[in-house]
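A.B. asks: Sequence first, then the predicted structure, then my questions.
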Amino acid sequence: MNWLTWRQHRAQFLFGAATLAVITLFLVPSGLGIWHTFRSTGLAGCLAVTGRDCGDLASTFSDRYTGLQFTIPLFMILPALLGVFWGAPLVAREIEQGTHRLAWTQGLTRLRWMSTKVVTLVLATLAGAAVFAFLLSWWSRPFVAASDNRFSFGVFDLRGIVPVAYALFALAAGVAAGALIRRTVAAMGATLGAYVAVRTGIELWARPHYEAARTISYSFFGSGPHPGSGDWVLSTRTVDRAGHLLGNGQSLDFNVLHARCPDLPGPSSGFVSKAPIQACIQRLGIHLQATYQPGNRYWLFQGIESAIFVGLALGLLAFAVWWVRRKVA
Amino acid sequence: MTTPAALTATALGKRYRGHWGLRDCSLEIPAGRISALVGPNGAGKTTLLHLATGLLAPTAGTIETLGRTPGEDPDLLPRIGFMAQDVPLYRSFRVREMLEFGRRTNPGRWDAELAQGRMDRASIDLDQRAGTLSGGQRAQVALALALAKRPELLLLDEPLAALDPLARREFLKALMEGAVDGEVTVVLSSHLLTDLERVCDHLVVLSGGRTQVAGDIEGLLEAHRVLTGPRRDVDRIEGVAAVVQQATTDRQSTLLVRTDGPIIDPAWSVHRVDLEELVLGYLGQPNATALPAPRLARTGAEVSR
C-alpha cells in the first residue's frame, strides 16, 4: 500500500517538496539579510533594553522591508493549496477515472486503502508545514519585534504552530470534499472556498474571544495597554468621565469638544493653543478605554486556535474514511 | 443440481437517486460454471456485479458471494477477481507497475509467474504505459490482474464490449486458459451473446432489474422450441408449458415455446432454437420468465401471451 501511495502521489509529493525548496531558497538568504540589518542598525540592541524608545529605529527598519509585504497573502494561501492539490484528488480522481473499481476490489479492504493514504498524506503535510512554520517564524521575528505585534492579521496566522494546524485542516477538507463531491475540479474549488470561509470566520469571530478580553482605562495623554509586551488591542474608545462615548469614539473631534467646553475658542477662530484644550479634556475627564488580550496569552491563543483546526481536521478525516467505506462506489 | 452457489441474490434491490438499478432480483449462480449474464443496457448487470463485489451496498434484499456478505467480510475480496466495465487501469502506470500494483494489493495470493506469463503470451511490453495500450491489450492486462490473484470467483463486466472480433477471440482464449486450471467460477456480463455462447454453460438473463431467465444453457435449449404452422388461435398445445413469444403473419404463426413434453401435434413443425433466438425472445417479452425448478409453478402462470 505504501508503494502504491508513493507511486500514485509521487508527482504531488515532488511538487510539494519543490515548492518548499523554493520557499526555503527565498526565506533563508533574505532572512539572513533581515537579521543582519536588525542587529547592525542597533534595533536589536535597543529592543533588548526594556523601556527604551526604539520607535525611530523600528520604523526605519520596517520601512526598509515594506516591499516584502506582498509575501503575506502568498504565505496565507499556501496551506489551502495542500488541500486543493493533495487532498481533493485523493478519492475524486479515482472515482472520476473509474479506477476505484480496480483499487477497491483487490485483496485489501477499502478501509485499509483509505487509511494508508490518509496517514501518509497527513504525515507529509505535518512535516512540510512544520518546516514552513519554523522558517517563517524565524524569518519574521525581527519584524514582529520591531512592530511589537504578534497578534495581527497576517502575523499570528503565519507563525508559531497554527500554520501546521491550518495545513492539516486544508488537507482534511480536501479529502472530505473529494469523497463527497467525486469530481476533482469541483472538489478543489469547494476545498478552497471552505478553507477561506472557515479561516475567516474563526479569525474574525472566534479568535478575539478565546479568553475574556481585559479592559483598561488610561489618561488621554498616557500610553495604552502595556507597550513592549505585545498586547492585542481589540478596541479603543474615547469617553468622558461618566463613560459616555465622545463623538465617534475613535478620535477627538474639535467640534464635539467645543460644544462641551463653550469657553474654548470656536473652530473658526483659527489656531487654538494647546493649553485650553488640555484644560477642557481635564475638566470633562476625557480618557480612553481599551479592550485587549494581554500579550502573554499568545501561546495560549496559538494552542486554542491549533486545537480547533486539528479537531476540525480529525473530524473531517474520520468522516471521509467512513464515507468512502460505507457510501461511495 | 446441488452444486453450491457462487452467488446468491434474494429479493435484491439497489436504488439510485430516483430509480431502481436492480429490483426484487433473485438468482443463483452455481459454482464451478461459466455463466453468461445477459441483458440490454440498463438491465442491472453492472449493478449486480458491483453488489457482488461490495462496491455497492444493497438497498433491499440480500446478496451472498461465496457464502459471504460482500462489503462486510474482509476475507471475501481476496477470493474474487473483478474486471470492471471499461477496464479501468492507472493510465500513467507502466504495465510492470500495474502488475506490481496487483502484487502489493493482493498479499499472499499473487501469482507473479502467471501474470508475467499472460503478458508474454499476449506480447505486451512491460514498459509500456497503461494509457497507451490498445483496447485488447488493456483487457489482457486487466484479466491478468484478475487471474493472478488466484480468485475462486471471477466477475467480468462487459469485458468484450470495446474489443474487435480478433481481440475478443484472444481474450476468450486467455480466459479459458486461465479458468481451466483451478476451480474458478466465472461470470461474464455482456449484451452480445454470440461470443459467450461458445464459452458459457450457464445463462442468466436480466431485464429491467429482474431475473428473467436462469438456467443451464443445454437445459434451456432443450426445453425450448420454435413452432411454425398455419395461422390460428393458439389455445392449448400438447407439450407446451408456455408460449414465450408469438409472431403471426397473414398465413403463418411462429411461436417460441417452453415445452414440458414432446410436441406431437402434426399441425406444427418443430425446430430447435439457438441461444440468441431464445434470449431475444425473452427480452422481447419482459413479463415472460424461465426460472429454475422451485419457482416454475409460479412463473408458469406469469407467462404472457
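C.D. replies: All right, it came through fine. These numbers were taken from a predicted model, which means no experiment stands behind them.

A.B. asks: Residue B:160 reaches residue B:168, doesn't it?
C.D. replies: Yes: counting by CB atoms under 8 Å, residue B:160 touches residue B:168, with 5.0 Å between them. C-beta: built from backbone N, CA, C; applies to glycine.

A.B. asks: Pull up the overlap in contacts between the two.
C.D. replies: Taking CB atoms under 8 Å, 6 or more residues apart in numbering or on different chains as the contact criterion, the common neighbours of residue B:160 and residue B:168 are residue B:195.

A.B. asks: Flag every residue of chain A that's near chain B.
C.D. replies: Contacts of chain A with chain B, taken as CB under 8 Å from any CB of the partner chain, map to A:1, A:3-4, A:7-8, A:97-109, A:113, A:326, A:329.

A.B. asks: just the buried members of those?
C.D. replies: With neighbours counted using 16 or more other CB atoms under 10 Å in any protein chain shown, the residues of chain A next to chain B contain these buried positions: A:1, A:4, A:7-8, A:97, A:99-109, A:113, A:329.

A.B. asks: re earlier: of residue B:160 and residue B:168, who's got more company?
C.D. replies: Using other CB atoms under 10 Å in any protein chain shown as the criterion, residue B:160 and residue B:168 rank with residue B:160 on top: 23 against 19.

A.B. asks: ok, that one to residue B:135 distance?
C.D. replies: Using CB to CB, to the nearest Å, residue B:160 is found at 10 Å from residue B:135.

A.B. asks: repeat for residue A:35
C.D. replies: Residue A:35 is 62 Å from residue B:135, by CB to CB.

A.B. asks: nearest residue to residue 115 other than its sequence neighbours?
C.D. replies: Here I'm looking at chain A. Leaving aside its sequence neighbours, residue A:115 sits nearest to residue A:321 (CB to CB, 6 or more residues apart in numbering or on different chains; 6.3 Å).

A.B. asks: Not quite, go with chain B.
C.D. replies: In space, residue B:115 is closest to residue B:148, 3.9 Å off (CB to CB, 6+ apart).

A.B. asks: and if you look at residue A:38?
C.D. replies: Excluding its sequence neighbours, the residue lying closest to residue A:38 (CB to CB, 6+ apart) is residue A:142, at 3.8 Å.

A.B. asks: Name the SS class of that neighbour, please.
C.D. replies: Three-state assignment for residue A:142 (DSSP: H, G, I helix; E, B strand; the rest coil): helix.

A.B. asks: check contacts around it.
C.D. replies: Going by CB under 8 Å, 6+ apart, residue A:142 touches A:34, A:35, A:37, A:38, A:43, A:44, A:61.

A.B. asks: Number of residues surrounding the third one?
C.D. replies: The local packing of residue A:37 (other CB under 10 Å) involves 16 other residues.

A.B. asks: pretty sure it contacts residue A:62?
C.D. replies: No: the pair residue A:37 and residue A:62 does not pass the contact test of CB under 8 Å, sitting 10.9 Å apart.

A.B. asks: Tell me how chain A divides into domains.
C.D. replies: A:15-212+A:299-326, A:215-293 (automatic domain parsing).

A.B. asks: Quick check: buried residues in stretch B:5-25?
C.D. replies: B:5-9, B:12-14, B:20-23, B:25.

A.B. asks: quick one: the helices in chain A?
C.D. replies: Applying DSSP state H to chain A gives helices spanning A:2-40, A:43-48, A:55-64, A:71-82, A:89-97, A:100-103, A:110-147, A:162-181, A:184-201, A:254-260, A:274-284, A:298-326.

A.B. asks: Highest mean neighbour count out of those?
C.D. replies: When you average the neighbours per residue for each of those (mean count of other CB atoms under 10 Å in any protein chain shown), helix A:162-181 leads with a mean of 27.

A.B. asks: got the contact list for residue B:114?
C.D. replies: B:144, B:147, B:148, B:150, B:178.

A.B. asks: Hmm, I typed the wrong one, I wanted residue A:111.
C.D. replies: Residue A:111 neighbours (CB under 8 Å, 6+ apart): A:321, A:325.

A.B. asks: mind redoing it with 7 Å?
C.D. replies: Going by CB atoms under 7 Å, 6 or more residues apart in numbering or on different chains, residue A:111 touches residue A:325.

A.B. asks: Would you mind measuring from it to residue B:71?
C.D. replies: To residue B:71, residue A:111 is 11 Å away according to CB to CB.

A.B. asks: Enumerate the residues of the stretch 51-200 of chain B near chain A.
C.D. replies: Within the stretch 51-200 of chain B, the positions lying close to chain A (CB under 7 Å from any CB of the partner chain) are B:53, B:55-56, B:74, B:77-78, B:80, B:82, B:84, B:86, B:88-90, B:97, B:100-101, B:104-107, B:109, B:149.

A.B. asks: can you rerun that using 6 Å?
C.D. replies: Residues of the stretch 51-200 of chain B found near chain A (CB under 6 Å from any CB of the partner chain) are B:53, B:55-56, B:74, B:77-78, B:82, B:84, B:88, B:90, B:104-106, B:109.

A.B. asks: ok so, going back, could you identify which of the helices of chain A has the lowest mean pLDDT?
C.D. replies: In terms of mean pLDDT, the lowest-scoring of these is helix A:254-260 (a mean of 76).

A.B. asks: gap between the residue nearest to residue A:38 and chain B?
C.D. replies: 45 Å (CB to the nearest CB, to the nearest Å).

A.B. asks: lowest-pLDDT helix or strand in chain B?
C.D. replies: Of all the helices and strands that make up chain B, helix B:293-302 has the lowest average by mean pLDDT, DSSP states H and E, namely a mean of 41.
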